[in-house]
Structures are given as C-alpha cells and as structure tokens.
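[1] Based on what follows, work out the 3D shape:
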Amino acid sequence: MNHADVDLSALPDIPVRDDSPVFREPWEARAFAMAVKLNEAGVFEWGEWVRTLGAEIRAAQANGDPDLGQTYYLHWLAALEKIVTDKQVTARERLLARKDAWDRAAKATPHGEPIELGRDGTPVAPA
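    The predicted structure follows:
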C-alpha cells in the first residue's frame with residue numbers, strides 16, 4: 001500500500017519514521033490500510049476520519065490511557081469500527097459477531113499455527 005496520498009501530518013499522534021507510518025504489529029498496518037481504502041472508496045472524508053480518531057484518543061486518555069504510543073492503533077481500530085457502523089457499512093451486531101468468531105478461533109488455535117475462522121467448530125457467517 002502506498003501511503004503517499006495520505007496526509008500523515010493531519011493525524012493526531014501517528015507514529016512516524018522517515019515520513020512513513022510505523023507499525024509494531026502486522027494488524028496495525030492492515031487497520032491503517034483499511035482506513036485508507038475506505039477513504040479512497042468515498043465512505044468518509046479524511047477530515048472526518050481525523051476527527052473520529054482524535055475523539056477516540058481523547059476518550060481513551062480521559063479514561064486513563066497513559067498515551068505512551070503502544071495503544072495508538074487500538075484507538076485507530078476503535079475509530080474504524082465507529083465510523084463503519086455510523087456510516088452503516090456494517091451493523092454493530094455483525095461487527096461484534098465477527099470479532100467474537102476471531103476470538104474463538106484464536107483460542108482454538110495451537111501456538112504457532114495460523115488462526116482460521118471456524119477452527120473452533122462454529123460455522124462462519126458471511127462478513
């Protein structure tokens with residue numbers, strides 16, 4: 001994914017090195033890419049994304065997040081979930097069901113093996 005078209009300077013507190021976003025885990029890069037792709041698809045304007053992310057960060061700080069950088073993409077993910085449900089891209093219940101399915105699959109997966117939906121024996125509902 002090319003982040004060159006994304007105004008990183010507008011994002012509150014994004015971890016950056018050499019003008020590129022920094023990701024500690026692969027899921028962080030995927031969450032970043034999802035937001036960029038949804039913006040490109042016209043689901044939301046970038047300014048709206050910045051405001052939503054900023055509100056999530058402020059709410060977390062108000063609830064005691066020490067804001068040391070390790071939780072940045074957790075806020076990013078929370079903002080992404082909020083904006084896709086607010087925009088009715090998906091229903092909150094559907095999002096929660098998918099999160100639960102991934103949680104069950106992770107718990108049913110032996111260490112070192114890839115996590116696959118349905119691994120726990122529960123049928124996988126369409127996304």
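[2] all contacts plus neighbour counts: C-alpha atoms, from now on.
    OK.
[3] Flag the shaky bits of this structure, pLDDT-wise.
    Residues of the chain that meet the criterion pLDDT under 70 lie in 1-13, 16, 19, 127.
[4] domain ranges for it?
    What automatic domain parsing lists as the domains of the chain is 8-89, 91-127.
[5] okay if I get the ones you listed as CSV plus mean neighbour count?
    Output for those, formatted as CSV (neighbours: other C-alpha atoms under 10 Å):
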stretch, mean neighbour count
domain 8-89, 15
domain 91-127, 14
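[6] give me the element the residue most central in space within the chain is part of.
    The centre of the chain sits closest to Leu77, judged by C-alpha atoms, centre = their mean, with a distance of 2.6 Å. Here Leu77, judged by DSSP states H and E, is contained in helix 72-86.
[7] I'd like to know how far Pro26 sits from Tyr73.
    Distance of Pro26 to Tyr73, given as C-alpha to C-alpha, to the nearest Å: 11 Å.
[8] returning to what we had before: run through the neighbouring helices and strands of the helix holding Leu77.
    helix 26-40, helix 46-62 (3 or more C-alpha pairs under 8 Å, 6 or more residues apart in numbering; DSSP states H and E).
[9] Output the helix or strand just after it as PDB, nothing but the C-alphas.
    Later in the chain than helix 72-86, the nearest helix or strand by DSSP H and E is helix 92-107. Extracted as PDB, the C-alpha positions of helix 92-107 are listed here (Å, rounded to 0.1, in the frame of the first residue of the first chain):
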ATOM      1  CA  ARG A  92     -22.600  -3.200  15.100                       C
ATOM      2  CA  GLU A  93     -24.000  -6.700  15.800                       C
ATOM      3  CA  ARG A  94     -22.300  -8.100  12.700                       C
ATOM      4  CA  LEU A  95     -19.100  -6.500  13.700                       C
ATOM      5  CA  LEU A  96     -19.300  -7.900  17.200                       C
ATOM      6  CA  ALA A  97     -20.200 -11.400  15.900                       C
ATOM      7  CA  ARG A  98     -17.100 -11.300  13.600                       C
ATOM      8  CA  LYS A  99     -14.900 -10.200  16.500                       C
ATOM      9  CA  ASP A 100     -16.200 -13.000  18.600                       C
ATOM     10  CA  ALA A 101     -15.600 -15.500  15.900                       C
ATOM     11  CA  TRP A 102     -12.000 -14.400  15.600                       C
ATOM     12  CA  ASP A 103     -11.600 -14.600  19.400                       C
ATOM     13  CA  ARG A 104     -12.900 -18.100  19.400                       C
ATOM     14  CA  ALA A 105     -10.700 -19.100  16.500                       C
ATOM     15  CA  ALA A 106      -7.600 -17.700  18.200                       C
ATOM     16  CA  LYS A 107      -8.400 -19.600  21.400                       C
END
